[in-house]
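> Everything below, folded, please.
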Amino acid sequence: MNRIQTGKAFSILLIGLAGICFSAEAGPEYQEKSEGKGQEKSQGRGQERSQWKYPVQANAKVYQTTDTPALIPLPTNLKWNRGFFSLNHCRVLLVKDPGLNAEARKLQQFLAAQGIRAEIRQRARKNEAFIELKLVQESLAKESGEAYRLIVTEKSIQLEAPADRGIFYAIQTLRQLIGSGNKVPNCEISDQPAFTWRGYLIDVGRNFMSMPLLKQQIDIMAKYKFNLFHFHATEDIAWRIAIRQYPQLTAAENMLRNKGRYYSEKDIRELINYCRERHISFLPEIDMPGHSAAFRRAMKTDMQSDSGMQYVKNILKEFFQTYDLPAVHIGADEVKITNQDFLPEITAYLHSMGKKVIGWQPGGNFTDNTIRQLWMTDHGLLKEAKKIQYIDSRHLYLNHMDPLETVATIFGRQLCDKEKGDSLALGATLCLWHDRAVNSEEDLLTMNAVYPGMLAFAERSWRGGGQKGWVANMADLDPASFTDFEDRLLQHKQSWFGGLPFPYVRQSGLNWKLIGPYPNEGLLSKSFEPEIWSDGQLREKDGKIVKGGTVVMRHWWAPLIKGAVDQPVENSTFYATTAIWTDTAVTRDFWIGFNNPSRSTATDPPPIGAWDHKGSAVWVNGNRIEPPVWKRGGQQGHSETPLVDEGYEYREPVKLHLKGGWNTVLLKLPVGSFKGRDWQNPVKWMFSFVEVSHP
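Have a look, this model is predicted:
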């Protein structure tokens, strides 16, 4: 989808979505009670060694953690106690309510994978260590069906919730609590989500994904307490849901990409059940009347024609007779509405079948009982007196973000412009709209920071909070909160994502001084005094301190998204400088880049022999660092030409030779016009420079 982003009543709606009971009152005031935060001690060490007057970055690989488990999302209320429960001594899963047997079996299977064989029983013997799964109908039940309580003592682990999905979430937290030697630290947790809609969207209409890859992402969703899988399966490029009465919809000749690849009835049933077993709602999107060129090719008519509308009704009837689902997303954005009756009539038809309807906002002429999914800077809906339910997806498109920017941006977001959800502000959906063709389906997770972004979104959508306004840089976030989250994120990367794409590295200890601006009069190659290499001069220069591995000077959506330069001016040049300490001479890998292209637009590759089209440059210890030899340098971008090395996260890192002691880094950051050559090549004034370190 090439969208350029410039109560209790709802619980009744989605109680049937995979059995999830959404409650508008499920937003707690949360408390920070975690311990054992990582520390960047190397930064302080570096400053003691030097009298530099701008920030320095010491060895990025040095940071400390404790044995305190890293939990994501961090629970609402968490208290650590002394001692631990040993899973090695546990042989009993105590379950008195047969309604929890399915969850008990999931826990049993997980423990078996850890080498622990536990029997599901209704009673435990005297002095026998056990884990108890228990339904409660007390205060937790008044909050949310997704709430849970988890209490660990030396003798037992208690998992309590008002519904099985709450028990499922308690199990996910328990999995993260298990430390070395299968020890679980004693603690008391009471937890519940701030938002009742915590979704993830994939676009399989443009780029088909295999069932194993889909299941991999659903498994990650379940681990981090997502509860809605938004399946965008029909597009201009291809229609990928089998319809028995119209097989031409999925015929190879009517597809433009991944020809002949679609999801059979067996596949869709399997996905629905796979989600349901993990307490995740399956929300199909059948886009209408826009994004429907594949429909026109197959059916030889437009959706908004009389015959097209009848075909759509037939499709919807067959779909919902085949699959027991309570809701459907009908898209309806980025299209000229030529038949004003189309959306109201289709919506009424779906309502007559007892189905809820969701559509994109801004979009078509929806009825007021259509739930809106915000994708653009259209605040009109939020200001209207009408009580319309909505979901937030504004600036939550992974395909438009640099990987390091992804985590900072999503972690900082205040979803729905609210601290927590209510009867109208239901929650949010994180989106993957990779419009451009790919060489392999794995590229979708390598070129977009899907899993790092999902973890940041899991934290924010479960915890609520965040800050008003949209930011791109970690410097605009609360540093202590972000560093604490980054510590946990990197521990999860190490513990849970071995062998999976996870394009993110530590950036919170990296500080820069911005020097400038210097007017370049449109001559991007023009040099200024920082290029006359002198460490002493650089030290004395005044400048703004910015932080992070990626720094966005000015976003292509400025001023909506805040950048590092307070008052950016066209035809100007900045310099960024920092210093890196190493004890001995070493060679290390770095991500370096000056434009991270969206995976939606047909952005041109960089010119041959240059880092980017803006004339950016890099020096380390006075030595100029040459740009990569681009595989498609100087060519024109095209939607059907996959990206190969344009982004730093999916090309070979740059190897830098560092001397023992201080190493000075200088970046040149010119910009001309803020208006791109065309809409496919927007100007995002930015830089990325960070060691590819691992926790």
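> give me the element Leu426 is part of.
strand 425-432 (DSSP states H and E).
> Not counting the helix or strand following that strand itself, show me its contacts.
Sequence-wise, the next helix or strand downstream of strand 425-432 (DSSP H and E) is helix 443-446. Outside helix 443-446, the residues within contact range by Cβ atoms under 8 Å, 6 or more residues apart in numbering are 207, 209, 213, 432, 434, 438, 450-451, 500-501, 503, 642-643, 649-650. (Each C-beta comes from the backbone N, C-alpha and C, glycine too.)
> In strands, which of those residues fall?
Judged by DSSP state E, the contacts of helix 443-446 include Leu432 as members of strands.
> on that earlier part again, packing partners of the strand holding Leu426?
strand 197-203, strand 228-232, strand 390-392, helix 450-463 (3 or more Cβ pairs under 8 Å, 6 or more residues apart in numbering; DSSP states H and E).
> what's the next secondary structure element after the third one?
The one in question is strand 390-392. helix 403-412.
> Pull out the buried positions in stretch 328-339.
The neighbour-count criterion (16 or more other Cβ atoms under 10 Å) identifies 328-335, 339 as the buried residues of stretch 328-339.
> from these, which is closest to Gly464?
His329 (24.2 Å; Cβ to Cβ).
> Arg413 versus the nearest residue to that closest one once chain neighbours are set aside, what's the distance?
Leaving aside its sequence neighbours, His329 sits nearest to Glu285 (Cβ to Cβ, 6 or more residues apart in numbering; 3.8 Å). From Glu285 across to Arg413, the span is 22 Å (Cβ to Cβ, to the nearest Å).
> Repeat that for Thr76.
Taking Cβ to Cβ, one finds Thr76 at 19 Å from Arg413.
> Just want to know which of those two has more residues nearby.
Comparing Thr76 with Arg413 by other Cβ atoms under 10 Å, the one with more neighbours is Arg413, at 25 against 22.
> That one contacts Ser393, doesn't it?
No: in terms of Cβ atoms under 8 Å, Arg413 does not count as a neighbour of Ser393; the distance is 10.8 Å.
> Where does the prediction get shaky in the stretch 301-450 of the chain?
Along the stretch 301-450 of the chain, segments meeting pLDDT under 70 span 377-385.
> in the stretch 201-350 of the chain, which spans are strands?
Taking DSSP state E, counting those that start in this stretch as the criterion, the stretch 201-350 of the chain carries its strands at 228-232, 281-285, 327-329.
> Looking at these, which is nearest to Lys468?
Taking the strands of the stretch 201-350 of the chain one by one with Cβ to Cβ, strand 228-232 is closest: 24.9 Å.
> Name every strand pairing with that closest one and say which way it goes.
strand 197-203 (parallel), strand 281-285 (parallel) (DSSP bridges).
> deepest of these, which one?
strand 197-203 (a mean of 26; mean count of other Cβ atoms under 10 Å).
> got the CA positions of that strand in CSV?
Taking C-alpha atoms only, strand 197-203 is exported to CSV below (Å, rounded to 0.1, in the frame of the first residue of the first chain):
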residue,chain,number,x,y,z
TRP,A,197,-6.1,-3.6,19.8
ARG,A,198,-2.5,-4.5,19.3
GLY,A,199,-2.1,-5.5,15.7
TYR,A,200,0.4,-6.3,13.0
LEU,A,201,-0.3,-5.9,9.2
ILE,A,202,1.4,-7.6,6.3
ASP,A,203,0.8,-7.0,2.6
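> so that strand versus helix 450-463, what angle?
Interaxial angle, strand 197-203 versus helix 450-463 (axes from the mean of the first three to the mean of the last three Cα atoms, to 10 degrees): 160 degrees.
> can you give me the angle strand 197-203 makes with strand 425-432?
30 degrees.
> what residues does strand 197-203 touch?
1, 14, 22, 209, 214, 217, 221, 225-232, 235, 283, 285, 391, 393, 421, 426-435, 454, 457-458, 461-462.
> Show the average pLDDT along that strand.
For strand 197-203, the mean pLDDT works out to 98.
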